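Peer 1: One predicted model, sequence on top.
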Amino acid sequence: ETGVTQTPRHLVMGMTNKKSLKCEQHLGHNAMYWYKQSAKKPLELMFVYSLEERVENNSVPSRFSPECPNSSHLFLHLHTLQPEDSALYLCASSRFGQLYGYTFGSGTRLTVV
Amino acid sequence: DAKTTQPPSMDCAEGRAANLPCNHSTISGNEYVYWYRQIHSQGPQYIIHGLKNNETNEMASLIITEDRKSSTLILPHATLRDTAVYYCIVRSDTGTASKLTFGTGTRLQVTL
């Protein structure tokens, strides 16, 4: 366990479904991130939250909607996804000025059918 | 943040030292070198970081050249569990939330 917990670990959803991914950390971190990793591709940064405020959105389609209700929780709401959205979705957290970098969760493996 | 260049793959025999190189010729004075690794289908794991001095921890050693344009991650006694993709990343500490940009990394295969 890294201290960053992601649920569910695996998710299969239809293109018309609505689902949410959850990320939770109790490391005292104040920034949280969503990354997407498609097969055989580098990790792509999707969203950055700093002190619960979204500070970066890397041209992510609106069918992905993040939510950060507090510094310990981060959600990624999914609706009307496409099969090409199937990927490993990783959550990470960090603390300002802490040079140890990010702590990642184990990810949610999403399959869109 | 400066860009990094790594070989796509390397092999290492178990028990031997694995030396993973990284070029970061455009690194600037306030940028740190970070190393992460990702074991299959898991989240990346922090290994080590440094600014200009060589660093060592329980996992690895980091050797940074004097001009800081390249570095080498050393796993002193590689085991099968060290088989993973290793990422070299350069970034500055902005004091706020800042992004880590991952490249394609080096796929290290440790063999018997």
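Peer 2: That came in fine, so what should we check first?
Peer 1: residues contacting whatever residue of chain A ends up closest to chain B?
Peer 2: Closest to chain B within chain A is A:Phe104: 3.0 Å, counting by CB to the nearest CB. Heads up, the C-betas are built off the backbone N, CA and C, glycines and all. A:Phe104 makes contact with A:2, A:4, A:90-92, B:43-45, according to CB atoms under 8 Å, 6 or more residues apart in numbering or on different chains.
Peer 1: How about B:Ala84?
Peer 2: Contact analysis of B:Ala84 by CB under 8 Å, 6+ apart lists B:37-40, B:107-108.
Peer 1: Point out the ones among the contacts of A:Phe104 that are inside strands.
Peer 2: A:4, A:90-92, B:45 (DSSP state E).
Peer 1: Could you dump these into JSON lines with distance to A:Ser50, neighbour count and pLDDT added?
Peer 2: What follows is those, written out as JSON lines (distance: CB to CB, whole Å; neighbours: other CB atoms under 10 Å in any protein chain shown; pLDDT from 0 to 100):
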{"residue": "A:Val4", "distance to A:Ser50": "16", "neighbour count": "24", "pLDDT": "96"}
{"residue": "A:Leu90", "distance to A:Ser50": "18", "neighbour count": "27", "pLDDT": "97"}
{"residue": "A:Cys91", "distance to A:Ser50": "15", "neighbour count": "28", "pLDDT": "97"}
{"residue": "A:Ala92", "distance to A:Ser50": "13", "neighbour count": "28", "pLDDT": "94"}
{"residue": "B:Gln45", "distance to A:Ser50": "23", "neighbour count": "16", "pLDDT": "94"}
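Peer 1: Show me the two of those that sit farthest apart.
Peer 2: A:Cys91 and B:Gln45 (14.2 Å; CB to CB).
Peer 1: what about chain B, any weak spots by pLDDT?
Peer 2: Confidence mapping of chain B against pLDDT under 70 gives the ranges B:1-2, B:93-98.
Peer 1: in it, which spans are strands?
Peer 2: Under DSSP E, chain B gives strands at B:9-13, B:18-23, B:31-38, B:45-50, B:55-56, B:61-64, B:70-75, B:84-92, B:106-111.
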